[in-house]
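Q: give the three-dimensional model of this entry:
(chains A, B and C, ligands or ions: 6)
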Amino acid sequence: MTKDIREDIAWAKINKDVLKSLEAPRKLYWVIIFIALAMIGVAVGCEIYQYQTGMGVSYKNNSHVWGLYIATFIFWIGMSHSGTLLSAILHLMHADWRKPIYRFAEAMTTFSLMTAGLFVLVHLGRVWMFYYALPYPSERWIWPNFQSPLLWDAMAIFTYLSSSVIFLYVGMIPDLAICRDNIHAGWRKKLYTLLALGWEGTDRQWRSFRITYLTVACFLIPLAVSVHSIVASDFAMSQQPGWHITSFPPYFVAGALYSGCAAIITLFIILRYVFKFEEYMTLPILKKTARLTFAISMVWTYLNLIEFASVWYGHDQASKDVLIYKATGHYAPFWWGMMFCGSIVPLTLAFKRFQTNIPVLFVVSILLNVGMWLERWMIVAPTFANGYYPWTWDHDQWPSFVQWGIVFGSFGWFALLFMVFCKVFPSVSMYEVKEMVYHRSQASKKNGLATKGAH
Amino acid sequence: MSVTNLLENWSQFRHKHPVGDQPHEEYKWAMSIDLDACTGCNACSVACYAENNLPVVGKEKYSHGFAHHWIRVERYWDADGRDFPDQGAQFLPMMCQQCEAAPCETVCPVGATNHTADGLNSQVYNRCIGSRYCEANCPYKVRYFNWYDYPTTDNVWPEPMNQQLNPDVTVRGKGVMEKCTFCVQRLTAAKSNARTEGRTVRDGEVQTACQQACPTNAISFGNLVDPEAMVGKQWMQQQVQLDKDKQAKDAEEAASKLRGYRILEELRAYPSVMYLERVRESAI
Amino acid sequence: MIDNFDRRDFLKVLGWGGAAVALSGCGNTSVEDGREIVTSYSEPAEYVIPSIGVYFNSTCAQCDAGCSIMGRVREGRVLKLEGNPDSSINRGKTCGLGQAGVQAHYNPDRIREPLLRSGDKGEAITWDKALELINSKLAGVKGEEVAFLTGGTSGHINVLLKNYLAALGSSNHYAYDAVSPSVVRAANKKAYGVEMPRLRLDKAKVVLSFGADFLGAWVSPVHFSQQYAQFRKGTRPEGRGVLVQVESKMTLTGANADRWLAIRPGTEGILALGLIHALGAAGMKIPGGIAQDYSLERVSKDTGISAEQITKLAALLKERTPSLVIAGSAAEGYAHGTQNAAAIALLNQVLGNVGKTVQFPAVVPFPQVLPTVGNRYALQALNDEMAQGKVKVLFNYGANPVYSAPAAMKLKENLGKVPFKVAFAHYMDETALQADLVLPLDSALEDWATSVPEYMAEEAQINIQQPLMEKLYPGTRGMGDILLALLKQRRADEYKGYEDFYSYLHSAVLQNKVALGGTGKDDDAFWTATLSKGLLKLPCDAGKISDKITPTAIALPAPFAADDAYPLQLIPAVSASLRDGRHANLPWLQESPDPLTTIVWDSWVEIHPKTAARLGIVEGDIVEVTAKNGSIKAQAYLFPGIHPDAVSVPLGNGHEAMGRYAKGVGVNVFNILDAVFDKGTGELAMHETRVKVSKTGKRVVIVKDEGSAGGQQMGRKIAARVTSDKVDLSGEV
Ligand SMILES: Nc1nc2c(c(=O)[nH]1)N[C@H]1C(S)=C(S)[C@@H](COP(=O)(O)OP(=O)(O)OC[C@H]3O[C@@H](n4cnc5c(=O)[nH]c(N)nc54)[C@H](O)[C@@H]3O)O[C@H]1N2
Ligand code: SF4
Ligand code: SF4
Ligand code: SF4
Ligand code: SF4
Ligand code: SF4
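A: Ligands and ions are numbered 1, 2, ... in the order given. Take a look at the predicted model:
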């Protein structure tokens, strides 16, 4: 096991190491950018085709009106919870091991929300009329329907996205000033100068900064919880078997945190390698993240079992039928796949030796997210295929290449945004790492003294 | 534009379902369908195509589940495991049930599907953004989405087939949801005529297209508010009440000897279509 | 008035010849003195208000039932057809096929101008040239070498057609209908004295139907559906009627039966006699000797219907009278079809239904306009003539024999022996493709005609078919106009007074104003009223049906013994919408699911799940159905409503031509029918083909409306059902 963040890294070295990520990443960076662009190309092609020809090319149908877009939408919304968890929740809990990795987690939040938003648009039959769903004043006094969870969705996501951007930005201000001060003249210098808002690091600035950051963090936590609760409401507030389940909001939030954590592990490993962040993204941090992920996986598993039990012992035959169908019908391989990936695979994380084993963690984290994506699909699809009205049951529906293509491309889109961000902005928080190093050196000094004194 | 304004408008837009607390005043359109008379002949369905500009999607699209029949005639078999269905099949014409508390309405993000004062579930094509949430939440799955732009699709309405299109009914473009309207264009015309003459629409004055075609008169349609209306008499006789999710008669000990029921009534959507059970002779 | 023209001939020209009613003097007409104007509905008259739909009455021409319709016309376009409530045939109702009449009119694949064909090419020519060509081709051809093949015809088209043939010196009118109930007609004639008695479902307490799909495709489905609705009413004095359907393949009517009995194919007559026997056993007085040999055990063994069921049925028939027994196409489709039908008629007689639920029909008192009903024998006869090279000029109107004749008849080959063939057609169908001259017809919604339905209810009526809008294409013509033009080539004098078919009809109606119920009315008013009503109701004396029992010797063969080479009976099913295939190009019908299988846009092979299991066939397997005269390949549909010894394939699809919606859809099962004929009438026996079914190894997903639950309600109360003892229908409204 390699060491944790050293307590004697010079601050200048921290600056240098992190700022390096703005300059020269490994070749792999460009490979990733290229692959991401290619994936986006696929999605854009599919979307153009779908836009021109009609939603029909995605192979949903009149009883099975939603498909992978909505499932993947939930997936990305879930993903967005990683940032909030690491930045805001762990910030309030004073878990300082989060410091080297929260920045990129926050970026993940922003970019997954942006990806999720695209799915809402891609899903609409008349995307060109999407603004009807926004509550803007019109001369005809027509408002959207405030009763619709979909509208709450639109508003919650918009609020969450804007808040996340603010949170990300506010937290970056001291680092942007460092960038401003260290980078050679050019467009980036201008950008950092502008964004740093004249940060000098005065006491007063620090004081205001702390308060602002804390406030936004406090605001963001309930927002994150509400966002996924609202996404859960899209289903829970409907009247469909397999959807109108009281435990859906906490279940969705747990699922969100779960997939967010898993994604952090994946990106942690990638960033650590690509930007040579071995010194900051240390294995002990990875270990903590892995343990956190394990804990959440068990919460998710528990909520799953609660859901099955309440359906099983309830009186709603249609819901029971959906559950049985999930386990035995055409979706069974995917449903069991979800159970395997979501509840069995995380058991590896219970073993110490895997908690820091990068190849294992990489594979596991990806499997966890495959499981969480399957979970969303298994929420959406089986209810359509086996709902209240047997005449319209449709067990043969299968998404077309257009749906798969857009889902595939969305990962490229996310990767592109993320990678560009990491190249333009410091993806490790320099000032907080410094704080961390400082605290640790202080602590070890104290410890050292105490030990000595004991002798 | 104040918040008050917004909220005030809101309460009008999304009123409670007009039963009990706010009874229907002039009209409450409703149906009853006698399954003992319905032979499953499909005339109603074809008539609806003719009246409401429904696209014929063709085999390939039909195979993907894009059938566009606002009224579909379902055929059920007994599940008793005998070699032959020797009591015949059971047919059921299914179209939008014009629910009083329609699950499709509450979920539409843009308010494109609404309740009218006449007790219809309306659909505003212009407003619909195609989220398909309404169909996701419809228990009967009777909403049909324009998965393609049928007016410009080959062989849907090729010249001169387009000349048959009913000018009283919009031809819907791609990306909007639609469903049975109870032939609202006919209702509007009849109401307008009646209003001109200073009265309300008389029973039998307006028929839906499916009702008009139906060779066995299995479909009755009319105004539940009108005490003279056949449909109201049927509902009354069968002791089926619009604003109940469980009919009192069903609680009676020895089953009530009546055959009116509403499908999935327990979901509390308060459908406006009552069905009469199919009868089978017990002596043979 | 036309000079030198005998009054009787005159009546013949106008179609009223031989009428059995008093005729008024012929004191008018306005044909010469004032040109009547066919109202053009697209030139706004005062009653045409833009944006307001106006209804005009006419007659549905989609099938021979002759329902009266009202067309909704707006801004000069016909938009929608509704039933005309004044007709006792359909009382304001229509079937799906009738609804699709507008699609026949607006069909994009209609032929738009006369085509002179040579080989695969067609050259557009003018009507004058076309008519002249016919004239010249007829020169030097003897009368008996001219033949006219049509579907069922009636009304004044029938009159002009007969007159034209007479003018040519020919009597060769072949009226062909591939799916007509012609054997039953003949049997009825023998038993009751009329071919199509009036069937009173509304009066019957029990209806026992031997494969008559009267709710689907049989004779006059809309009328019978209405009667059926009456029959089912619990508030009727007779109480709710009970329907028992006996057939080997479930029809729409069978699907509505209280009891559906799957009978071994071809043994319908045995069951009828068995029931007579059982009635006797139950104490009913049966005239001596009838059905003595048909003991319960034997009948049950032969028909495959349990003794218990037969006894129950006999008890029901005995207890609830009057009943009504109907013989349908499933009973008549065998070599012993006449015998089956006779046995079934005998059951009716024994039950005392004749005169009660089997009544004398309403009859139009003008023989010339009466329907010439089609049959299958006609085609057989024409085919023989053609094969021998006896036909030099052949006209074809309203029939598509190249499509619907069994391959065994070699009809296409024989057509090649006819030097000049004229097809009057709406589409370039399989037969038009073989013609030398193709003449495009007006659609039924732009043409004039009168028609007389074969089956009439309580009133005799002559239906008026009138244009509901202007012609879509200037190049098409009405059949009446064409016949008139052809007649003018022969009998110019007699017909010179009639500028067109409209003026001819106008004269014809006014000529007989009094007999048609217009006594004392002004000509114009009467004519306008007639057009506005869309039908003429005629007074007619109810004749008396012969209700005596005619125990003719009925010879029923033993049930078909198992045949290893061809073990299954093929039942070609007549679909209520596609019928004999003439409507295959109407997309609404193609997309309207078959009521029982819910399949669209294709053909299929119905096979009982047990038989399928034995052959290892699952739903969607492409199977080959092989008969002696060929084979077809189609998707298998596992269907519980069929006898395990039979398979069924619907008729109507499998077109090689006709138009974009018909071509290439499904398979044509007419092709593989065996040339077996009913011994009594010579009709092609439609159900006598035996086949074997084998898998091809290919499989498809069947395109149908039924979802994955396969027609099950999964314990939910969706299409609910109750037995008659659990419900009180008497108080219903
Ligand atoms: N030169 C000239 N000027 C005229 C007239 C004339 O005859 N000649 N006529 C006058 C008269 S009578 C009138 S009424 C006015 C009409 O003038 P405008 O009201 O400007 O009429 P349009 O240009 O027809 O429509 C306006 C916009 O509405 C959009 N639109 C259509 N449907 C919807 C919808 O559902 N929602 C929303 N939000 N937008 C929609 C259209 O795309 C279009 O961009 O012009 C007047 N001016
Ligand atoms: S049947 Fe479905 S579409 Fe119609 S009102 Fe009810 S929920 Fe809405
Ligand atoms: S499809 Fe249209 S009507 Fe239905 S919920 Fe979406 S926007 Fe509303
Ligand atoms: S009421 Fe009108 S819209 Fe509804 S199914 Fe009947 S014909 Fe179609
Ligand atoms: S037209 Fe009437 S009888 Fe035919 S399927 Fe429709 S409701 Fe039933
Ligand atoms: S039964 Fe025949 S005539 Fe009557 S509406 Fe149907 S197709 Fe037309």
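Q: next one: the host helix or strand of B:C134 to chain centre, how far?
A: According to DSSP states H and E, B:C134 maps onto helix B:133-137. Computed by CA atoms, centre = their mean, to the nearest Å, the separation of helix B:133-137 from the middle of its chain amounts to 16 Å.
Q: tell me what that helix is packed against?
A: Packed against helix B:133-137 by the contact rule (3 or more CB pairs under 8 Å, 6 or more residues apart in numbering or on different chains; DSSP states H and E) you find helix B:103-107, strand B:143-145. In this view, the C-beta of every residue, glycine as well, is placed from N, C-alpha and C.
Q: out of the ones you listed, which is closest to B:E25?
A: Nearest to B:E25 among the helices and strands packed on helix B:133-137 is helix B:103-107 (19.8 Å), distances taken as CB to CB.
Q: my guess is C:T253 meets C:A212, correct?
A: Yes: checked against CB atoms under 8 Å, the pair C:T253 and C:A212 is within contact range at 6.8 Å.
Q: common neighbours of these two, please.
A: Residues touching both C:T253 and C:A212 comprise C:W218, with contact defined as CB atoms under 8 Å, 6 or more residues apart in numbering or on different chains.
Q: what is the least confident helix or strand in chain C?
A: The element with the least model confidence among the helices and strands of chain C, by mean pLDDT, DSSP states H and E, is helix C:30-33, at a mean of 40.
Q: ok, the helix or strand that comes right after it near ligand 6 or not?
A: Later in the chain than helix C:30-33, the nearest helix or strand by DSSP H and E is strand C:54-59. No: under the criterion of CB under 6 Å from any ligand atom, ligand 6 is not reached by strand C:54-59; the shortest gap measures 7.7 Å.
Q: up against ligand 6, what does the stretch 201-350 of chain C have?
A: So the stretch 201-350 of chain C meets ligand 6 at C:221-222 (CB under 6 Å from any ligand atom).
Q: tell me where the stretch 201-350 of chain C has strands.
A: The residue ranges that make up the strands of the stretch 201-350 of chain C, judged by DSSP state E, counting those that start in this stretch, are C:206-210, C:242-247, C:259-262, C:323-327.
Q: which stretches of the stretch 1-150 of chain B have low pLDDT?
A: Judged by pLDDT under 70, the stretch 1-150 of chain B has its weakly predicted residues at B:1-21.
Q: which residues of it fall in helices?
A: Using DSSP state H, counting those that start in this stretch, the helices of the stretch 1-150 of chain B run over B:3-13, B:43-52, B:59-63, B:103-107, B:133-137.
Q: and chain A, is the third one touching that?
A: So the one you mean is helix B:59-63. Yes: part of helix B:59-63 sits close enough to chain A to count as contact by CB under 8 Å from any CB of the partner chain, namely B:K61.
Q: who's in contact with that helix?
A: By CB under 8 Å, 6+ apart, the surrounding residues in contact with helix B:59-63 are A:56, B:147-148, C:591, C:600-602, C:665, C:701, C:703.
Q: now the two most distant members of those residues.
A: Largest separation among these by CB to CB: B:W147 and C:V665, giving 22.0 Å.
Q: show me what counts as buried in stretch C:381-397.
A: Of the residues in stretch C:381-397, those buried under the neighbour-count criterion (16 or more other CB atoms under 10 Å in any protein chain shown) are C:381-383, C:385-387, C:390-397.
Q: tell me the contacts of residue 267?
A: Chain wasn't specified; assuming chain A. In this structure, A:L267 makes contact with A:104, A:108, A:418, judged by CB under 8 Å, 6+ apart.
Q: chain B was what I was after
A: Here B:L267 is in contact with A:239, A:388, B:103, B:139, B:245 (CB under 8 Å, 6+ apart).
Q: how near is it to C:G715?
A: Distance check for B:L267 against C:G715: by CB to CB, to the nearest Å, it reads 15 Å.
Q: closest residue of the stretch 101-250 of chain C to ligand 2?
A: Shortest the stretch 101-250 of chain C-to-ligand 2 distance, computed as CB to the nearest ligand atom: residue-wise this is C:A229, at 26.1 Å.
Q: on the three-state scheme, the closest residue to that residue other than its chain neighbours is what?
A: In this structure, C:A229 finds its nearest non-sequential neighbour in B:T216, 3.9 Å apart by CB to CB, 6 or more residues apart in numbering or on different chains. Under the three-state scheme (DSSP: H, G, I helix; E, B strand; the rest coil), the conformation of B:T216 reads as coil.
Q: skipping adjacent residues, who's closest to the residue in the stretch 51-200 of chain B that chain A sits nearest to in space?
A: In the stretch 51-200 of chain B, the residue that lies nearest chain A is B:G130 (1.9 Å; CB to the nearest CB). Distance criterion CB to CB, 6+ apart; nearest residue to B:G130, sequence neighbours excluded, is A:G125 at 1.9 Å.
Q: check contacts around the one you found.
A: A:55, B:128-132, B:145-146, B:174-177.
Q: just to revisit the earlier point, what about the residue of the stretch 51-200 of chain B closest to chain A, neighbour count?
A: By other CB atoms under 10 Å in any protein chain shown, the residues close to B:G130 number 24.
Q: same deal with the one 3 residues further on?
A: Residues contacting B:Y133 under the criterion other CB under 10 Å number 26.
Q: how about C:L243?
A: Here the neighbour count serves as a burial measure; for C:L243 (other CB under 10 Å) it reads 27.
Q: bridged to it, which residues?
A: Beta bridges link C:L243 to C:V207, judged by DSSP bridges.
Q: how about A:F252, what does it touch?
A: The neighbourhood of A:F252, defined by CB under 8 Å, 6+ apart, consists of A:74, A:78, A:228-229, A:231-232.
Q: can you check C:W601 too?
A: In this structure, C:W601 makes contact with B:58-59, B:62, C:590-591, C:665-666, C:703, judged by CB under 8 Å, 6+ apart.
Q: list buried residues within the residues you listed.
A: For the contacts of C:W601, a burial check counting by 16+ other CB under 10 Å picks out B:58, B:62, C:590-591, C:665-666, C:703.
Q: which of the residues you listed fall in helices?
A: B:62, C:590-591 (DSSP state H).
Q: middle-most residue in the chain, spatially?
A: Since you didn't name a chain, this refers to chain A. Here the mean C-alpha position of chain A is nearest to the C-alpha of A:M79 (CA atoms, centre = their mean), at a distance of 2.1 Å.
Q: was after chain B, sorry
A: Averaging the C-alpha coordinates of chain B gives a centre point, and the residue nearest to it by CA atoms, centre = their mean is B:C96 (3.1 Å).
Q: setting aside sequence neighbours, what's the nearest residue to it?
A: The spatial neighbour of B:C96 that comes closest, neighbours along the chain excluded (CB to CB, 6+ apart), is B:C180 at 4.0 Å.
Q: still on that earlier bit, now name the helix or strand holding the residue nearest to B:G130.
A: Secondary structure here is read from DSSP H and E; on that basis A:G125 sits in neither a helix nor a strand.
Q: return the per-residue confidence for it.
A: Reading off the per-residue confidence, A:G125 sits at a pLDDT of 95.
Q: next one: the one 5 residues further on
A: Per-residue confidence (pLDDT) for A:F130: 92.
Q: just say helix, strand or coil for it.
A: Using three-state DSSP, the structure places A:F130 in helix.
Q: mind putting the strands of the stretch 201-350 of chain C in a markdown table, distance to ligand 3 and mean pLDDT included?
A: Conversion of those to a markdown table gives the following (distance: least, CB to the nearest ligand atom, whole Å; pLDDT from 0 to 100):
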| stretch | distance to ligand 3 | mean pLDDT |
| --- | --- | --- |
| strand C:206-210 | 46 | 97 |
| strand C:242-247 | 42 | 97 |
| strand C:259-262 | 42 | 96 |
| strand C:323-327 | 49 | 97 |
